[in-house]
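Enquirer: Please find the sequence and the predicted model below.
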Amino acid sequence: METQIYHYIIDKANAFNCIIHAINDTENHIHLVVSIPPTFPISYFVKNIKGSSSNYLNNFLSRKENKFAWQTGYGVFSLRQTQLERAIAYVDNQKQHHLKGTFNN
């Protein structure tokens with residue numbers, strides 16, 4: 001389901017005029033590097049991505065007995081343009097970081 005949910009999240013972000021630069025997950029969380037317009041509330045973006053993607057997972061991708069829900073919280077970091085490439089590399093390598101038990105770039 002990974003590919004389908006990634007495409008869903010990217011399409012939803014595009015509808016908000018947001019750009020997903022990187023997306024990757026581990027078994028219990030997902031990381032995104034996103035450019036969000038300055039006039040668009042980050043909390044609105046997160047609420048809608050989490051809500052609509054869990055609805056999509058539960059109603060279209062998974063069996064009814066395996067209900068999916070995101071955790072209630074989220075973390076956000078603001079980046080300068082010069083930090084974008086490093087953040088993308090970090091997210092692209094999420095699975096490797098978690099296999100090694102490291103969280104450094």
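Expert: Yep, that arrived.
Enquirer: Next, count neighbours for Glu2.
Expert: Around Glu2 there are 10 other residues, counting by other C-beta atoms under 10 Å. In this view, the C-beta of every residue, glycine as well, is placed from N, C-alpha and C.
Enquirer: tell me the helices in this protein, going along the chain?
Expert: Ranges of helices within the chain are 2-15, 42-56, 84-92, 94-100, based on DSSP state H.
Enquirer: can you pull the buried residues of the first one?
Expert: Within helix 2-15, the residues that count as buried by 16 or more other C-beta atoms under 10 Å are 5-6, 8-10, 12-13.
Enquirer: by contact count, what packs against it?
Expert: Applying 3 or more C-beta pairs under 8 Å, 6 or more residues apart in numbering; DSSP states H and E, one finds that helix 2-15 contacts strand 19-25, helix 42-56.
Enquirer: I'd like the helices of the chain as CSV, with mean pLDDT and distance to His29 appended.
Expert: Output for the helices of the chain, formatted as CSV (pLDDT from 0 to 100; distance: least, C-beta to C-beta, whole Å):
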stretch, mean pLDDT, distance to His29
helix 2-15, 95, 13
helix 42-56, 94, 11
helix 84-92, 95, 11
helix 94-100, 66, 9
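Enquirer: Select, out of those helices, the one closest to Thr26.
Expert: helix 94-100 (4.7 Å; C-beta to C-beta).
Enquirer: Next, name the residue at the spatial heart of this protein.
Expert: Taking C-alpha atoms, centre = their mean, the centroid of the chain lies closest to Leu32, which sits 3.8 Å from it.
Enquirer: Give me the nearest residue to that one, chain neighbours excluded.
Expert: Leaving aside its chain neighbours, Leu32 sits nearest to Ile23 (5.3 Å; criterion: C-beta to C-beta, 6 or more residues apart in numbering).
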